[in-house]
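[1] build me a model from this:
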Amino acid sequence: MSCPDCFRGTIHNHGPGAEGVKGYEETIHGKRTYIATPSTAADSQSTILFVTDAFGIDFINNKMLADKYAAGTGLRVLLPDLIPGGGLSTSVMGIMDRISKPVSWWNVWGQLKRIGAVFRAIWYVAPFMMRASPAKAYPGVLEWTRKLKADMPAGAKLGVAGFCWGGYQSTNMSKEPAVEGGSVRLVDAQFCAHPSGLSLPDMIVDAVTTFKVPYSLAQADVDIVLPTEKVLDIEARLRQAVGDGQGEGGYNYEIKIWKDCHHGFAVRFKPGEGEGAEGAKDQAIEWFKKYL
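    Numbers count the residues shown, from 1 in each chain. All right, here's what the predicted structure looks like:
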């Protein structure tokens, strides 16, 4: 969870009523929650839980994407403030860009500015990781999600979409029962993009096999956190364990690698990554429409 691309990207624009969706906030189980409600609702009473990247509920890109999921599926999408202490300031994005910008070795002033940017980045990122590392936050996220599932109407399903920090949460919740010690699964469909902090390949294999939760992964082909080689190894392990993921034995999974994209592209896509971000968005929508 500590690679530079976890904290880089582009801030996008968001207008009221984007995607034909009504978006508003209210408190659910003690957490401030952005709710995206589609103007044309699906017949299903299912809900999609959107678990954000490190920038949290106030990052406009996350709300934009939640709106798109609601519009595309016709389902209610909930984006709760689940990060302990709140999300990371978007100011760190510009700092990371300055660190990554090439500077000639003889440019003393440029090198000094880069060193200063490194210390500023540490000032932001280190406290965040201490209070809100994915593993440390997970018990609280799990507890909140179980409360959400318990409040849903009979027969309604719960889909979870996780991004970077949230991909750790959504992946691990796929192997959890709805109540501790129970035999009914908590999550009915899972989508994640460029997850961070996972122990691989075991966590993803367990997510697919424990409760046979339909599992979809959108991955960048240029990703320091989860390189393509590891993604291919995960896919090979899954094929060996449960087949091709097309429903044999009740197992459903898909892994798509999006070309010319970097870690964070599904939410914070930069110039040149828009096609991959759009593809990952459609991947998630079709997955949730199929299983929710």
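
[2] can you mark which positions in the host helix or strand of Arg239 are buried?
    In this structure, Arg239 sits in helix 228-242 according to DSSP states H and E. For helix 228-242, the buried set under the neighbour-count rule, 16 or more other C-beta atoms under 10 Å, comprises 230-231, 234-235, 237-238, 242. Heads up, the C-betas are built off the backbone N, CA and C, glycines and all.

[3] same question, stretch 209-228
    209, 211, 213-220, 223, 225-226.

[4] which of these has the weakest pLDDT?
    On pLDDT alone, Val225 ranks lowest of the buried residues of stretch 209-228, at 84.

[5] that one belongs to a helix, doesn't it?
    No: using DSSP: H, G, I helix; E, B strand; the rest coil, the assignment for Val225 is coil, not a helix.

[6] confirm for me that it is in contact with Gln219.
    No: the criterion here is C-beta atoms under 8 Å, and Val225 misses it with Gln219 at 9.9 Å.

[7] so what sits against both of those two?
    Common neighbours of Val225 and Gln219, using C-beta atoms under 8 Å, 6 or more residues apart in numbering, are His194.

[8] centroid-wise, who is the farthest residue in this protein?
    Going by C-alpha atoms, centre = their mean, the residue of the chain most distant from its centre is Trp106, 40.6 Å out.

[9] now the strands for this structure?
    21-28, 31-38, 47-51, 76-80, 158-163, 189-193, 215-222, 253-262 (DSSP state E).

[10] how about those in JSON lines, adding distance to Lys147?
    Formatted as JSON lines, the strands of the chain follow (distance: least, C-beta to C-beta, whole Å):
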{"stretch": "strand 21-28", "distance to Lys147": "9"}
{"stretch": "strand 31-38", "distance to Lys147": "10"}
{"stretch": "strand 47-51", "distance to Lys147": "11"}
{"stretch": "strand 76-80", "distance to Lys147": "11"}
{"stretch": "strand 158-163", "distance to Lys147": "12"}
{"stretch": "strand 189-193", "distance to Lys147": "19"}
{"stretch": "strand 215-222", "distance to Lys147": "23"}
{"stretch": "strand 253-262", "distance to Lys147": "27"}
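
[11] can you list the weak-confidence ranges in the protein?
    1-19, 91, 93-105, 108, 110-125 (pLDDT under 70).

[12] same thing but 90
    1-22, 39-44, 86-130, 132, 223-226, 262-264, 268-274 (pLDDT under 90).

[13] what's the spacing between the spatially most central residue of it and Leu78?
    By C-alpha atoms, centre = their mean, the mean C-alpha position of the chain lies nearest to Phe163, the distance being 1.4 Å. Counting by C-beta to C-beta, to the nearest Å, the separation of Phe163 from Leu78 is 14 Å.

[14] what do you get for Ile255?
    Computed as C-beta to C-beta, the Ile255 to Leu78 distance reads 26 Å.

[15] the two: who's more crowded?
    Taking Ile255 and Leu78 together and counting by other C-beta atoms under 10 Å, Leu78 has the greater number of neighbours (21 against 16).

[16] got the contact list for that one?
    Leu78 neighbours (C-beta under 8 Å, 6+ apart): 28, 33-36, 47-50, 148.

[17] repeat for Ala137
    Neighbours of Ala137 in contact, by C-beta under 8 Å, 6+ apart: 82-84, 165, 169.

[18] let's see 7 Å
    Counting by C-beta atoms under 7 Å, 6 or more residues apart in numbering, Ala137 touches 83-84.

[19] what's the answer for Gly72, then?
    Contacts of Gly72 were listed using C-beta under 7 Å, 6+ apart, and they are Ile285.

[20] tell me the spacing between it and Gly155.
    Gly72 sits at a distance of 22 Å from Gly155 (criterion: C-beta to C-beta).

[21] ok, and what's touching stretch 219-239?
    Residues contacting stretch 219-239 (C-beta under 7 Å, 6+ apart): 3, 5-6, 194-196, 200-201, 204-205, 208, 245, 253, 255-263, 265.

[22] quick check on the residues you listed: which are buried?
    Applying 16+ other C-beta under 10 Å to those flags 5-6, 194-196, 201, 204-205, 208, 245, 253, 255, 257-258, 261-263, 265 as buried.

[23] all set, thanks.
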